[in-house]
Structures are given as structure tokens and as C-alpha cells.
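A.B. asks: Structure for the following, please:
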Amino acid sequence: MKRFHVHVHVEDLAQSITFYSKMFATEPPRCESDYAKWMLADPRVNFAISTRGGKPGVDHLGIQTDTAEELVELKTRAQAADMSLFDEGATSCCYASSEKHWITDPQGVAWEHFHTLGDIPVFSQRLSDPAAEASACCTPSTPRGKPVGIPVKTSSTCC
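C.D. replies: A predicted model of the protein is given here:
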């Protein structure tokens, strides 16, 4: 079974943890000095927040798989649809080691497809260089070098 993933950059982690803990009626099972994550069962979502990144707002969306086979299925779909695919393979990000690839929708929204292999003690590290820590989450850059993400919009109207 797959799980929807949302990663949001926040300015005040403690304030945001309090807000989302009340909204989800549960505390985050993973909480670090710069990051928190809720693994909700209803709705089935991996919701993460961090202070690592640019402007506050949604950084990227994704689908977390329970199995390596489900990840292969998502990759096959992306390749069949001629989507631009960035294959990271085995990597680490957001206090977890995983196998992942990225696709970008026509509006430039980054989608992460990943299978988590285990927890790690640091936010992000290159597996070939454990001392190298990333300054922001693992969202890849566009060909122009700008981070792929969802712009934060303010509006008085809804949906």
C-alpha cells in the first residue's frame, strides 16, 4: 500500500509542531531540532515539516511505497508517460535512508517517489560521504538551478 507524502517548510518549528499535533490529534513520532514527521493512518499520509529550505510553504509532494516492487511500478509508469525522471537511487534525506526518484509535473511541482529503508541520525548525508550534510531537503533543482517546489500564494479566495 502506498502513502501520500507532503513536505512543508516552516519558520517556527515549535509553533508548527503544536499546530499540526492539535490538527492531527497526535504528536509526531519523529521530532528533531529542525524537522518533524507524522505517519498518519487516517488519512494515510507521511506529513513532514522542516526549517530547512527557502520560503515557508509546500516544498514537494510524493508517494511513499511499502515495498521496492511498488517503487519500481511508479518508476515504470513515469517512464511510460515520458516524464522527466531524476533517479537518485539509494540516498538519505529527512533522517531516513531510502531508494527514490523524482518527477516534475508540467507546472514545475516536484514529486518524490520513495521507499524508506531505515532511520538515520542526521538530516541528510551523501551515502558515499557520510560527513557531507545538505543545507536543504533533497528536492532536486531544475535545469536552471532553481529548487523545484510549489510557490506559496496568498489569496482571499479558496480553491
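A.B. asks: From W38, how far off is the nearest residue to E11 once chain neighbours are set aside?
C.D. replies: Spatial nearest neighbour of E11, chain neighbours left out: P56 (5.2 Å); criterion: CB to CB, 6 or more residues apart in numbering. Where C-beta positions appear, they are placed from N, C-alpha and C, glycine not excepted. Applying CB to CB, to the nearest Å, the value for P56 to W38 is 18 Å.
A.B. asks: Equivalent analysis for S97, please.
C.D. replies: Applying CB to CB to S97 and W38 gives a distance of 20 Å.
A.B. asks: what about these two, which has more around it?
C.D. replies: The residue with more neighbours, out of S97 and W38, is W38; 21 against 15, by other CB atoms under 10 Å.
A.B. asks: in stretch 48-68, what's buried?
C.D. replies: 48-53, 59-65 (16 or more other CB atoms under 10 Å).
A.B. asks: ranges for the strands of the protein?
C.D. replies: 3-9, 30-32, 35-41, 44-50, 57-65, 85-93, 96-104, 110-119 (DSSP state E).
A.B. asks: Pull up the pairing partners for the fifth one, direction included.
C.D. replies: Just to be clear, that refers to strand 57-65. strand 3-9 (antiparallel), strand 110-119 (parallel) (DSSP bridges).
A.B. asks: Make TSV out of those strands and add distance to A90 and mean pLDDT.
C.D. replies: As requested, the strands paired with strand 57-65 are exported to TSV (distance: least, CB to CB, whole Å; pLDDT from 0 to 100):
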stretch	distance to A90	mean pLDDT
strand 3-9	18	93
strand 110-119	8	84
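A.B. asks: elements contacting the helix or strand of the chain with the lowest mean pLDDT?
C.D. replies: None of the helices or strands of the chain scores lower by mean pLDDT, DSSP states H and E than strand 85-93, at a mean of 82. When contacts are defined as 3 or more CB pairs under 8 Å, 6 or more residues apart in numbering; DSSP states H and E, strand 85-93 packs onto helix 68-80, strand 96-104.
A.B. asks: Give me the angle between it and strand 96-104.
C.D. replies: 160 degrees (axes from the mean of the first three to the mean of the last three CA atoms, to 10 degrees).
A.B. asks: Quick check: I49 touching Y20?
C.D. replies: Yes. Using CB atoms under 8 Å, I49 makes contact with Y20 at a distance of 6.8 Å.
A.B. asks: any common contacting residues for these two?
C.D. replies: The contact sets of I49 and Y20 overlap at A36 (CB atoms under 8 Å, 6 or more residues apart in numbering).
A.B. asks: thinking again about what came up before, can you report phi and psi for the residue nearest to E11?
C.D. replies: Phi and psi for P56, reported as degrees, to the nearest 10, are phi -60, psi 150.
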